[in-house]
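Enquirer: Fold the following, please.
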Amino acid sequence: MLTKEQVIGAINKLPQEFSVEQAIDELILLEKIETGLAQSKANEVIPDEQLDKELPEWLR
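Expert: Below you'll find the predicted structure:
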């Protein structure tokens, strides 16, 4: 979950004029990064060896 400070920071990094789509894209990216960091801290990751085996299937 994002904090107000994170959202405000993301919006402050946008140019003076921006589209709603740009703002939404920035917030979605921020949320995905936060989710990934939380998963990493909780050790909910795929080992490199397993990733090497599964990645070719994912990219089909």
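Enquirer: for the protein, what's the longest helix?
Expert: helix 20-41 (DSSP state H).
Enquirer: roughly how far is that one from the heart of the chain?
Expert: For helix 20-41, the separation from the chain centroid amounts to 3 Å (computed by Cα atoms, centre = their mean, to the nearest Å).
Enquirer: helices or strands next to that helix in the packing?
Expert: Packing partners of helix 20-41 (3 or more Cβ pairs under 8 Å, 6 or more residues apart in numbering; DSSP states H and E): helix 4-13. The way it works is simple: take the backbone N, C-alpha and C, and place the C-beta from them, glycine included.
Enquirer: Give me the contacts around the helix it packs on.
Expert: Outside helix 4-13, the residues that touch it by Cβ atoms under 8 Å, 6 or more residues apart in numbering are 23, 26-27, 30, 34.
Enquirer: switch the cut-off to 6 Å
Expert: The contact list for helix 4-13 (Cβ atoms under 6 Å, 6 or more residues apart in numbering) reads 26, 30.
Enquirer: Identify each buried residue in that helix, please.
Expert: Neighbour counts using 16 or more other Cβ atoms under 10 Å place Ala10 of helix 4-13 among the buried residues.
Enquirer: do the same with stretch 21-29
Expert: Neighbour-count burial for stretch 21-29 [16+ other Cβ under 10 Å]: Glu26.
Enquirer: quick check: mean pLDDT across that stretch?
Expert: Mean pLDDT, computed over stretch 21-29, is 97.
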